[in-house]
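Participant: Let me see the structure of the following:
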Amino acid sequence: MESYTEYVSIETRKRYEIVDITPRVEKFRETARLADGIILVSTMHITASIFVNDHESGLWEDIQTWLEKLAPAGLDYKHHHTGEDNADAHLKRMILGHQVIVPVTGSKLDLGTWERIHYGEFDGQRRKRVLLKAIGALETKAAR
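Facilitator: This next block holds a predicted model:
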């Protein structure tokens, strides 16, 4: 069993944004030469999320509307008394989670038909990092 780690940067243009990072994870899988195993995808920021779902703009709007109902912006959160204004972003991250494990089988991400890997940003407009860690069996030279 082998492992390979990479850190990638994501910079969003909006405070709240969802980005499909599936192609970036697949490129990482290829670079790592992972044939069979798992890839851990983890945001390294407490106001961002990683989740797997459909890449469909209406669903993305639904997710953002749902999160806003559960953790609305603009409330008088105790966290804001520290000089911050992003308590809702911390809560939204907790709801969607901070990491996923993606299976790899036959040198391909083993996702369902409509599944895509997404980065959810809730306090954006600056550069943030995502950890990618491949663990498993590498491709043989003959398989490449």
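Participant: middle-most residue in this structure, spatially?
Facilitator: Closest residue to the average C-alpha location of the chain: I50 at 2.6 Å, with Cα atoms, centre = their mean.
Participant: The helix or strand hosting it: partners in the sheet, and parallel or antiparallel?
Facilitator: Assessed by DSSP states H and E, I50 sits inside strand 48-54. Sheet pairing of strand 48-54 (DSSP bridges) gives strand 115-121 (antiparallel).
Participant: Tell me which residues of the strand it pairs with come out buried.
Facilitator: R116, I117, H118, Y119, G120, E121 (16 or more other Cβ atoms under 10 Å). Where C-beta positions appear, they are placed from N, C-alpha and C, glycine not excepted.
Participant: Check the residue nearest to the centre of the chain and give its pLDDT.
Facilitator: Note on I50: pLDDT of 98.
Participant: Show me where this structure has its helices.
Facilitator: 22-32, 57-70, 87-96 (DSSP state H).
Participant: So for T105, which of the ones you listed sits nearest?
Facilitator: Closest approach to T105 among the helices of the chain is made by helix 22-32 (11.0 Å; Cβ to Cβ).
Participant: Kindly list the longest strand within the chain.
Facilitator: Ranked by residue count under DSSP state E, the longest strand found in the chain is strand 127-138.
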